[in-house]
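**Student:** What would the 3D arrangement of this be:
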Amino acid sequence: MTPTQEQEIWMYQNMVTSRFFEETIEKIYMEGKTPAFNMAKGPIPGEMHLSNGQEPCAVGVCAHLNKDDIIVSTHRPHHVAIAKGVDLHKMTAEIFGKKTGLSGGRGGHMH
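**Tutor:** Below you'll find the model as predicted:
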């Protein structure tokens, strides 16, 4: 497959969006957890599994999927969800445990 210029732009935009999202979530996640790391503190308590550096893999796979195709990810799912076209507001709400999240705020960042 030789991508068109439009597809290349889509891939680049998704990789940049994914990296920016991860870096932003990481900053917020670390709030209140330093100087001594305490997983229970901060605006996002619990674990956080980021996917920085894995953006090209997700975008490369999702570039071959149709809108109705389903994909399953690992415990580092943000980059795959972004490349598949998830609503970033709903995914962010889910990470923060909000009812407006993708799973009503019950799944956290891995679900």
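
**Student:** low-confidence ranges in the chain?
**Tutor:** 111 (pLDDT under 70).

**Student:** if you take the average position of it, which residue is closest to it?
**Tutor:** Against the mean C-alpha coordinate of the chain, by CA atoms, centre = their mean, the closest residue is His78 at 2.0 Å.

**Student:** how about the residue nearest to that one when sequence neighbours are not counted, what does it touch?
**Tutor:** With CB to CB, 6 or more residues apart in numbering as the criterion, His78 has its nearest non-adjacent residue at 5.4 Å, and that residue is Ser51. Every C-beta, even on glycine, is put in place using the N, C-alpha and C of the backbone. Ser51 makes contacts with Ser18, Glu22, Ala58, Arg76, Pro77, His78, His79, Val80, as judged by CB atoms under 8 Å, 6 or more residues apart in numbering.

**Student:** Go through these and flag which are in helices.
**Tutor:** Using DSSP state H, the members of the contacts of Ser51 that fall within helices are Ser18, Glu22, Ala58, His78, His79, Val80.
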